[in-house]
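prediction below, plus the sequence it came from.
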Amino acid sequence: MNIREELLKEHSKPNAIRIAQYIANDATRFDVLMKLFLGDEYRITQRAAQVMSICVDNSPQLIRPYLRQLVLNLRNDIHDAVKRNSLRVLQNIELPPSLHGDMVDIGFEILTSGDEPVAIKVFAMTVLANICQKEPDLKNELQIVIEDQMPYGSAGFISRGNKVLKRLQQYG
């Protein structure tokens, strides 16, 4: 299967699932997908995002070699689907301490931005909360940012914000 050609055929969940099933837990095939996902073809990166997310849900170890690229790619001008799926994956992965600094900077930038969609913000919030578990000094800053935005947040933001605030109370 030519993954790039299959991504271009159709933008649908069934197609994404089919491609993800082809990749399965094959690191070589996943590498092909990640090159497309981290590339600069807007439509390809957008469509590869969902496939990447499905693959990582099924085989989380596949993303390990790409964590640095995944985090740093969030600094680029990328499609919302790429941001959303990257953060969705990152919220379920334990990041190595060497990536905490970059992810904290990016996460707070996303969380305090007025332009980001709710899903991207709530995934960033969870990634930051996960880092706070390892680095409790960040807890107060995250708590303040969440509390400041709660009065203006959507139902989804408020729901996730309340869950994260409860979690943060448990950290040192």
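Arrived safely.

so where's the chain uncertain?
Within the chain, the set of residues satisfying pLDDT under 70 comprises 172.

would you list every one of the helices in it?
Counting by DSSP state H, one finds helices in the chain at the ranges 3-9, 13-23, 27-37, 42-58, 67-73, 80-90, 100-112, 118-134, 139-149, 155-169.

TSV for those helices, including mean neighbour count?
C-beta here means a position set from N, CA and C on the backbone, and glycine is covered the same way. Formatted as TSV, the entries for the helices of the chain read as follows, by neighbours: other CB atoms under 10 Å:
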stretch	mean neighbour count
helix 3-9	16
helix 13-23	16
helix 27-37	18
helix 42-58	21
helix 67-73	17
helix 80-90	22
helix 100-112	18
helix 118-134	22
helix 139-149	16
helix 155-169	15
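
tell me the contacts of the residue nearest the centre of the chain?
Residue closest to the average C-alpha location in the chain (CA atoms, centre = their mean): L87, at 1.1 Å. If you count contacts by CB atoms under 8 Å, 6 or more residues apart in numbering, L87 has them with 74, 110, 120, 123-124, 127.

got it, and R4?
By CB under 8 Å, 6+ apart, the contact list for R4 reads 36, 44.

can we start the residue count at 48 from this point?
OK, 48 is where the count begins now, so the last one is R51.

against E57, how distant is it?
Distance, R51 to E57, using CB to CB, to the nearest Å: 13 Å.

do the same with K186
Separation of K186 from E57 (CB to CB) stands at 44 Å.

and if you look at E182?
As defined by CB to CB, E182 lies at a distance of 42 Å from E57.

kindly report the same for V129.
Taking CB to CB as the criterion, V129 is separated from E57 by 18 Å.
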